[in-house]
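Colleague: Here is my input, please return the structure:
(3 chains)
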Amino acid sequence: MKKELLETFESQFEQSLIDEIVAEGKLVEVPAGEILMDIGNYIRSIPLLLSGAIKVLREDDEGDELLLYYLEQGETCSMTMACCMGQTKSEIRAITETETEIVMVPVQKMEEWMAKYKGWRNYVFESYHNRLNELLHTVDSIAFKNLDQRLMEYLIKKSEVTNDNCIRNTHQEIAYDLHTSRVVISRLLKKLEKLKKLKLHRSHIQIIDL
DNA sequence: CCATTAAGATACT
DNA sequence: AGTATCTTAATGG
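Modeller: I've put the predicted structure just below:
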């Protein structure tokens, strides 16, 4: 675990902080598609993402979903931190997008390290900053962009996050993430296929050039 | 084979 | 852009 931690955080964490994480944290490997955190859950530990990707989404009162952003290597869930501090319930759901390696750190340590380590403080603030920016980006695309642009961005981000130019998703799943209907996604994908930007198959999409 | 499910088509709002 | 409905095609027993 120490080796992976070093690879991911060496540049921003103090040596002694890394040692403490090794001592206090618990390394977990999670397969793709697992719900790490659901709406309404209380949180007792903070996840530090070593590898893989996690998708963070919101749900409306009818149970419809909307993708907010992805977490990637070296990142953490700001919502979790906020919840830990305030002892409130989670407002979001987090699902592993790919296989992931996560170090779970107990909440109590978080405050201790905030006072003790500059590297940790910076990490936490930067983390908030990054999440907020990503969130603004998604708000922008929902508010100001049309669906086909949103779909393209979604595909690009997804292939980036999974390191794969094949999107192994059904049209229905994409529709859920973007909060629209399957038929609409199918139509738009067909359009993109005609433009030679991708190739459609059953249950997966091959990206050619976006 | 058949049941299930993804995706295409069409027509209507 | 979204809904409803039907058809077609792939997939897995």
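Colleague: Helix or strand with the lowest mean pLDDT in chain A?
Modeller: Every helix and strand of chain A was ranked by mean pLDDT, DSSP states H and E. The lowest is helix A:78-86, at a mean of 77.
Colleague: Quick one: list the elements packing against that one.
Modeller: Packing partners of helix A:78-86 (3 or more C-beta pairs under 8 Å, 6 or more residues apart in numbering; DSSP states H and E): strand A:45-51, helix A:107-116, helix A:118-144. Just so you know, the C-beta spots here come from the backbone N, C-alpha and C atoms, and that holds for glycine as well.
Colleague: and the angle for that helix with helix A:107-116?
Modeller: Angle, helix A:78-86 to helix A:107-116, by axes from the mean of the first three to the mean of the last three C-alpha atoms, to 10 degrees: 90 degrees.
Colleague: What's the first helix or strand after helix A:78-86?
Modeller: Counting by DSSP states H and E, the next helix or strand C-terminal to helix A:78-86 is strand A:93-96.
Colleague: Show me what that following strand pairs with in its sheet, parallel or antiparallel.
Modeller: strand A:35-37 (antiparallel), strand A:54-59 (antiparallel) (DSSP bridges).
Colleague: Send me that strand as CSV with only the CA atoms.
Modeller: Output of strand A:93-96 as CSV, limited to C-alpha atoms (Å, rounded to 0.1, in the frame of the first residue of the first chain):
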residue,chain,number,x,y,z
ARG,A,93,-24.4,8.6,-4.7
ALA,A,94,-21.0,7.4,-5.6
ILE,A,95,-20.5,4.3,-7.9
THR,A,96,-17.3,2.8,-9.0
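Colleague: Show me what counts as buried in that strand.
Modeller: Neighbour counts over strand A:93-96 (16 or more other C-beta atoms under 10 Å) mark A:Arg93, A:Ala94, A:Ile95, A:Thr96 as buried.
Colleague: Can you name the residues bridging to the last one?
Modeller: So the one you mean is A:Thr96. Note on A:Thr96: beta-bridge partners by DSSP bridges are A:Ile54.
Colleague: Mind pulling up the pLDDT for it?
Modeller: We note a pLDDT of 94 for A:Thr96 in this prediction.
Colleague: any idea how far A:Glu72 is from A:Met37?
Modeller: Between A:Met37 and A:Glu72 the distance is 17 Å, computed by C-beta to C-beta, to the nearest Å.
Colleague: Got the confidence number for A:Gln108?
Modeller: pLDDT for A:Gln108: 87.
Colleague: Count the residues that sit near it.
Modeller: By other C-beta atoms under 10 Å, 12 other residues sit near A:Gln108.
Colleague: quick one: contacts of stretch A:70-80?
Modeller: With contact meaning C-beta atoms under 8 Å, 6 or more residues apart in numbering, stretch A:70-80 is reached by A:8-9, A:37, A:43, A:46-56, A:90-92, A:94, A:97, A:123, A:127-128, A:130-132, A:134, A:157, A:161.
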